[in-house]
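Peer 1: Pasting the sequence and the predicted model now:
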Amino acid sequence: GAVVSQHPSWVICKSGTSVKIECRSLDFQATTMFWYRQFPKQSLMLMATSNEGSKATYEQGVEKDKFLINHASLTLSTLTVTSAHPEDSSFYICSATIHTGSSYEQYFGPGTRLTVT
Amino acid sequence: DAKTTQPTSMDCAEGRAANLPCNHSTISGNEYVYWYRQIHSQGPQYIIHGLKNNETNEMASLIITEDRKSSTLILPHATLRDTAVYYCIVRVGNSNSGYALNFGKGTSLLVTP
């Protein structure tokens, strides 16, 4: 099946610094990628929808100036957490959509564990 | 997207079939039923999806009732590695850009030795 990778798999950073997370579709091109966030013992929450070559669409309550998303190519989207704070510590997961002829399927990356100290 | 209702948790003995139910009584005619699972600290994994016919693949079977108001995911021979949270999601499948998935709370399946 389709493979989505994320890098890094985990990162620890100090409060006030910025962290960039990469999401790549390895064997297919993805027009649309999604970024989710998951806090402990909670479900995934959509943060933003990323379309190649255009600005991302953010969900209500997600600060676009804090969570910068760039989707420069059909295989790469990046999420940059700027001026990170401890409350940004979370599990960040991306997904990419592939059309299978009759429907769309989403494939998820393995996630990136961010810890802000 | 239609709302789904799943039991919070279920247990299953290793080697037995795991039957995970999902209610989606407000499903529309063009909405598909998708199942994903998430093993602890990993990204969600696609399992199977269907519109109205029963579906089977190498991972599982999906049984959708005739009125499409509920479905059951069947793992025929559960193993310890199937312990995960299983999400039943209903959404329009054949959309232009592929909408994001609305994850509910899911069912936490524990497979025991």
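Peer 2: Cool, got the structure. These numbers were taken from a predicted model, which means no experiment stands behind them.

Peer 1: Contact partners for the most centrally placed residue in chain B?
Peer 2: With distances taken as Cα atoms, centre = their mean, the residue of chain B nearest its centroid is B:Trp35 (3.1 Å). By Cβ atoms under 8 Å, 6 or more residues apart in numbering or on different chains, the residues touching B:Trp35 are B:20, B:22, B:47-49, B:60, B:62, B:73, B:86-89. All C-beta atoms are positioned from the backbone trio N, CA, C, and that covers glycine.

Peer 1: If you go by neighbour count, which of these are buried?
Peer 2: In the contacts of B:Trp35, burial by neighbour count holds for B:20, B:22, B:47-49, B:60, B:62, B:73, B:86-89, counting by 16 or more other Cβ atoms under 10 Å in any protein chain shown.

Peer 1: which among the residues you listed are in contact with chain A?
Peer 2: On the criterion Cβ under 8 Å from any Cβ of the partner chain, B:49, B:87 are the entries of the buried ones among the contacts of B:Trp35 that sit beside chain A.

Peer 1: Looking at the buried ones among the contacts of B:Trp35, spot the one nearest chain A.
Peer 2: B:His49 (6.7 Å; Cβ to the nearest Cβ).

Peer 1: Would you map the strands across chain A?
Peer 2: A:4-7, A:10-13, A:19-25, A:32-38, A:45-51, A:57-58, A:67-73, A:76-81, A:90-99, A:104-108, A:112-116 (DSSP state E).

Peer 1: of all those, which lies closest to B:Ile39?
Peer 2: Across these, B:Ile39 has its closest neighbour in strand A:104-108 (11.4 Å, Cβ to Cβ).

Peer 1: hang on, the earlier thing: put together JSON lines for the buried ones among the contacts of B:Trp35, with distance to A:Cys23, pLDDT and secondary structure on each row.
Peer 2: Below are those laid out as JSON lines (distance: Cβ to Cβ, whole Å; pLDDT from 0 to 100; DSSP: H, G, I helix; E, B strand; the rest coil):
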{"residue": "B:Leu20", "distance to A:Cys23": "29", "pLDDT": "98", "secondary structure": "strand"}
{"residue": "B:Cys22", "distance to A:Cys23": "28", "pLDDT": "98", "secondary structure": "strand"}
{"residue": "B:Ile47", "distance to A:Cys23": "21", "pLDDT": "94", "secondary structure": "strand"}
{"residue": "B:Ile48", "distance to A:Cys23": "24", "pLDDT": "92", "secondary structure": "strand"}
{"residue": "B:His49", "distance to A:Cys23": "22", "pLDDT": "90", "secondary structure": "strand"}
{"residue": "B:Ala60", "distance to A:Cys23": "26", "pLDDT": "97", "secondary structure": "coil"}
{"residue": "B:Leu62", "distance to A:Cys23": "28", "pLDDT": "98", "secondary structure": "strand"}
{"residue": "B:Leu73", "distance to A:Cys23": "27", "pLDDT": "98", "secondary structure": "strand"}
{"residue": "B:Tyr86", "distance to A:Cys23": "24", "pLDDT": "98", "secondary structure": "strand"}
{"residue": "B:Tyr87", "distance to A:Cys23": "20", "pLDDT": "96", "secondary structure": "strand"}
{"residue": "B:Cys88", "distance to A:Cys23": "25", "pLDDT": "96", "secondary structure": "strand"}
{"residue": "B:Ile89", "distance to A:Cys23": "20", "pLDDT": "93", "secondary structure": "strand"}
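
Peer 1: Mind giving me the packing neighbours of the lowest-mean-pLDDT helix or strand in chain A?
Peer 2: In chain A, no helix or strand scores lower on mean pLDDT, DSSP states H and E than strand A:104-108, which sits at a mean of 82. Contact analysis of strand A:104-108 by 3 or more Cβ pairs under 8 Å, 6 or more residues apart in numbering or on different chains; DSSP states H and E lists strand A:90-99, strand B:45-50 as its packing neighbours.
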